[in-house]
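Colleague: The following block contains a protein sequence and its predicted model.
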Amino acid sequence: MVGLHASVEAVAATATPEVVPGRSLWSDARRRFFRNKLAVLGLIIVVGLVLVAIFAPYIAPYDPLEQLAWEDFSKSLAPPSWEHPFGTDLYGRDIFSRVIYGTRISLSIALMAAVVTTAIGITLGALAGYFGGWVDSFITWLINVVWSFPFLLFVLAIITIFPEASLTIIFIAIGVVSWPDIARMTRGQFLAARENEYVEAAKAIGASDFIIIFRHILPNIIAPMLVQATLAMGSYIQLEASLSFLGFGVPPPTPSWGRMASEGQNYLFSGQWWWSIMPGIAIMVTVLGFNLLGDGLRDALDVRQQTDG
């Protein structure tokens, strides 16, 4: 998660851009985003992956759990062909179909982990930045404590508490460990925003702290949170793949990219490279898509970007 920590400073600079008269903030950001070819490429990849996950039963040519080798042994470790574009594994299962269905697992875990992370991070960061004092000191201390643990080992420790991993356990474990980045960013945004005139005006008319935090301040600083959540999605997909590779992901025979790569690693140098390489390519393309999309959103919403006339 070092890359994720490093991205926080860049994302933290994202704030409300200067609005040109006659155009809204979001319309300016949208124009800049679609002028960025790499950002558009990232958007196409992510949208494509979402569509693949939704329509997996209609795209996959085979049942991802069907073991064709029981009926025809030649289907075991069959190389890529027109019949099996990504080849088959030891049991004759179609790797292309398993990669398609694996998209559902990776995106589901990444999305729900991002929701958990964002909810915890924004809530704690908002409390720290808005109230300050001992609340800020305690939450800052908590952030440092969580950061002091090796990230992957912390996630593994949470997962191993339960007798068997599941989608819910995995994304909760990732979310519970990943919140400090967005919490620190939210804290910084609130420290700056709480001094603004609209906050003082809300206090003057008797608005509660809850209303000021979630109705007045948060909507004005949501842009960098969206950017950070998008960038984090790629890291969560890598983490889920790592957990599955190590045997701590979703249980077999559920198709998971990381587990597929792990199962096929012993066959890499005996000529059956496709069992590991194909899911590895899927992981690489997915992470690239989210990184390009996140970078594009960051640049489009960056206050330092000059707004075109």
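Modeller: Alright, I've got the coordinates.

Colleague: Out of the helices and strands in the protein, which is least certain?
Modeller: Confidence across the helices and strands of the chain bottoms out at helix 2-12, with a mean of 51, counting by mean pLDDT, DSSP states H and E.

Colleague: Kindly format the C-alpha coordinates of whichever helix or strand comes after it as PDB.
Modeller: Beyond helix 2-12 in the direction of the C-terminus, DSSP states H and E gives the next helix or strand as helix 25-35. Only the C-alpha atoms of helix 25-35 are listed here, as PDB (Å, rounded to 0.1, in the frame of the first residue of the first chain):
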ATOM      1  CA  LEU A  25     -17.500  23.200 -11.700                       C
ATOM      2  CA  TRP A  26     -18.500  19.800 -12.800                       C
ATOM      3  CA  SER A  27     -18.900  20.800 -16.500                       C
ATOM      4  CA  ASP A  28     -15.300  22.200 -16.500                       C
ATOM      5  CA  ALA A  29     -14.000  19.000 -14.900                       C
ATOM      6  CA  ARG A  30     -15.900  16.900 -17.400                       C
ATOM      7  CA  ARG A  31     -14.400  18.800 -20.300                       C
ATOM      8  CA  ARG A  32     -10.900  18.400 -19.000                       C
ATOM      9  CA  PHE A  33     -11.500  14.700 -18.300                       C
ATOM     10  CA  PHE A  34     -12.700  13.800 -21.800                       C
ATOM     11  CA  ARG A  35      -9.700  15.700 -23.300                       C
END
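
Colleague: which of the residues in the longest helix along the chain are buried?
Modeller: Taking DSSP state H as the criterion, the chain has its longest helix at helix 95-131. Neighbour-count burial for helix 95-131 flags 95-114, 116-118, 120-130 (criterion: 16 or more other C-beta atoms under 10 Å). The way it works is simple: take the backbone N, C-alpha and C, and place the C-beta from them, glycine included.

Colleague: How about stretch 27-39?
Modeller: Within stretch 27-39, the residues that qualify as buried are Asp28, Ala29, Arg32, Phe33, Asn36, Ala39, counting by 16+ other C-beta under 10 Å.

Colleague: Could you do stretch 204-224 as well?
Modeller: Quick answer for stretch 204-224 (16+ other C-beta under 10 Å): Ile212, Ile213, His216, Ile217, Leu218, Ile221, Ala223, Pro224.

Colleague: what would those residues look like in CSV with pLDDT?
Modeller: Converted to CSV, the buried residues of stretch 204-224 look like this (pLDDT from 0 to 100):
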residue, pLDDT
Ile212, 90
Ile213, 89
His216, 87
Ile217, 89
Leu218, 88
Ile221, 84
Ala223, 83
Pro224, 85
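
Colleague: Quickly name whichever of those residues is closest to Val135.
Modeller: Ile213 (12.2 Å; C-beta to C-beta).

Colleague: need the contact list for that closest one.
Modeller: Ala126, Leu127, Tyr130, Phe190 (C-beta atoms under 8 Å, 6 or more residues apart in numbering).

Colleague: repeat that for 7 Å
Modeller: Ala126, Tyr130 (C-beta atoms under 7 Å, 6 or more residues apart in numbering).
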